[in-house]
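Enquirer: Sequence and computational prediction follow.
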Amino acid sequence: MLSDLALQDAVAAKILSRPGPDLRSSFEIGNRFDPMRRFNIYRNNTFASLTATLVSVFPVTVSLIGERYFRHVAASFIRVGPPSEARLVRYGSDFADFLARLDDLKSLPFIADTARLEWRIAEALDAAVLTPATMAELQRGGSGTIPDLVLQPSLRLLFCRWPALDIWSAHQADGDLELLRDIKRQPQRIALWRDRDSVRFLRVNGAHYTFLRALKNRRGLEPAVMKAANRMSDFDLVASLGGLFAEGLVTHVRHLPANLN
């Protein structure tokens, strides 16, 4: 008889079709209901639930590779990457990387990039929307301080080598799939964030992407400007700041002592 902990591990392994001890001897059999039949129902429901979650998070990816093949791939992914937390809405963070490693999809590298975009969309929609700060808050610090911007938690950034946003857009209700007849490699830098119950997108250049990434990683405004200027000598800070505040992407302005930055 397995201990409780060992039984939990064995059940988890069996659900994922991994090698493990025979469970039948560990289940009590004393009535007309077969415990292994119940277990198989639970196992099937687990796979069905996790697959349905992936289908809902990656609908464009489903369309690109077909639902039947997607479900086959999803089953393989579930076996090697079961949920690590109880919230199903957070399941699938590694799915795009899993797709990128599949030999069957090596000739279609844009699929993994599209899945990466879909995951960031799901993350943004699950994030909070905080009250935006105003441009006036930039002026409230003294002469011996340097402002630092705190951005909306839903802001996500993605650099992809293929036109993932074009592919995603073509699959929306007002999209045109004819535009995808000849998908060519085209790097895109994308910023996206939650706007009520939808997502806003912005295509950005390399300097602005670097600027946003530095701010998002809490590097501080001054280092973010320096990094952006290294990418583009004529980086327009005024326009970039104006855009951040206009889109409501700044939630707080901290004024740090200059000697601490």
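Expert: Cool, the structure landed. Computed from a prediction, not measured in an experiment: that's the story for all the values here.

Enquirer: and stretch 248-257, average pLDDT?
Expert: Averaging pLDDT along stretch 248-257 gives 91.

Enquirer: Strands of this structure, start to end?
Expert: According to DSSP state E, the chain carries its strands in the segments 145-151, 156-160, 188-195, 198-203, 250-257.

Enquirer: Output the ones you listed in JSON lines, with mean neighbour count and distance to I78 appended to each entry.
Expert: Bear in mind the C-beta positions are built from the backbone N, C-alpha and C, glycine included. Shown next, in JSON lines, are these (neighbours: other C-beta atoms under 10 Å; distance: least, C-beta to C-beta, whole Å):
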{"stretch": "strand 145-151", "mean neighbour count": "18", "distance to I78": "34"}
{"stretch": "strand 156-160", "mean neighbour count": "19", "distance to I78": "24"}
{"stretch": "strand 188-195", "mean neighbour count": "20", "distance to I78": "27"}
{"stretch": "strand 198-203", "mean neighbour count": "14", "distance to I78": "26"}
{"stretch": "strand 250-257", "mean neighbour count": "16", "distance to I78": "36"}
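
Enquirer: What's the local residue count around V238?
Expert: Using other C-beta atoms under 10 Å, V238 has 7 other residues around it.

Enquirer: And this structure, what are its domain boundaries?
Expert: 1-108, 128-261 (automatic domain parsing).

Enquirer: which one of the strands of the chain lies closest to S84?
Expert: Among the strands of the chain, strand 156-160 comes nearest to S84, with 20.0 Å by C-beta to C-beta.

Enquirer: Neighbouring strands - and their directions - for the closest one?
Expert: Partners of strand 156-160 in the sheet, by DSSP bridges, are strand 188-195 (antiparallel).

Enquirer: The partner strand versus strand 145-151: what angle between them?
Expert: Interaxial angle, strand 188-195 versus strand 145-151 (axes from the mean of the first three to the mean of the last three C-alpha atoms, to 10 degrees): 80 degrees.

Enquirer: can you state the direction angle for strand 188-195 and strand 198-203?
Expert: 150 degrees.

Enquirer: Can you name the residues in contact with strand 188-195?
Expert: For strand 188-195, the surrounding residues in contact (C-beta atoms under 8 Å, 6 or more residues apart in numbering) are 117, 120-121, 124-125, 127, 129, 152, 154-160, 162-166, 199-206, 208-209, 212, 247, 249.

Enquirer: quick one: which of the strands of the chain is nearest R87?
Expert: strand 188-195 (17.0 Å).

Enquirer: Including distance to S76, could the strands of the chain go into TSV?
Expert: Putting the strands of the chain into TSV (distance: least, C-beta to C-beta, whole Å) gives the following:
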stretch	distance to S76
strand 145-151	36
strand 156-160	23
strand 188-195	28
strand 198-203	29
strand 250-257	40
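
Enquirer: pLDDT below threshold where in the chain?
Expert: Scanning the chain for pLDDT under 70 picks out the ranges 1-42, 259-261.

Enquirer: What segments of it are helices?
Expert: Here the chain has its helices, by DSSP state H, at 4-15, 35-57, 59-65, 67-80, 95-101, 110-126, 164-170, 206-216, 221-231, 237-246.

Enquirer: Could you check how many residues crowd around the residue nearest to R90 when sequence neighbours are not counted?
Expert: Nearest non-adjacent residue to R90, counting by C-beta to C-beta, 6 or more residues apart in numbering: D126, 7.3 Å away. By other C-beta under 10 Å, the residues close to D126 number 13.

Enquirer: Quick check: the gap between D126 and R87.
Expert: 9 Å (C-beta to C-beta, to the nearest Å).

Enquirer: same check, this time on R213
Expert: 26 Å.

Enquirer: Those two - which one has more neighbours?
Expert: Taking neighbours as other C-beta under 10 Å, R213 and R87 compare with R213 leading, 17 against 8.

Enquirer: quick one on the thing from earlier: just to check, the residue nearest to R90 is in contact with Y91?
Expert: No: contact between D126 and Y91 fails when scored by C-beta atoms under 8 Å: they sit 11.3 Å apart.
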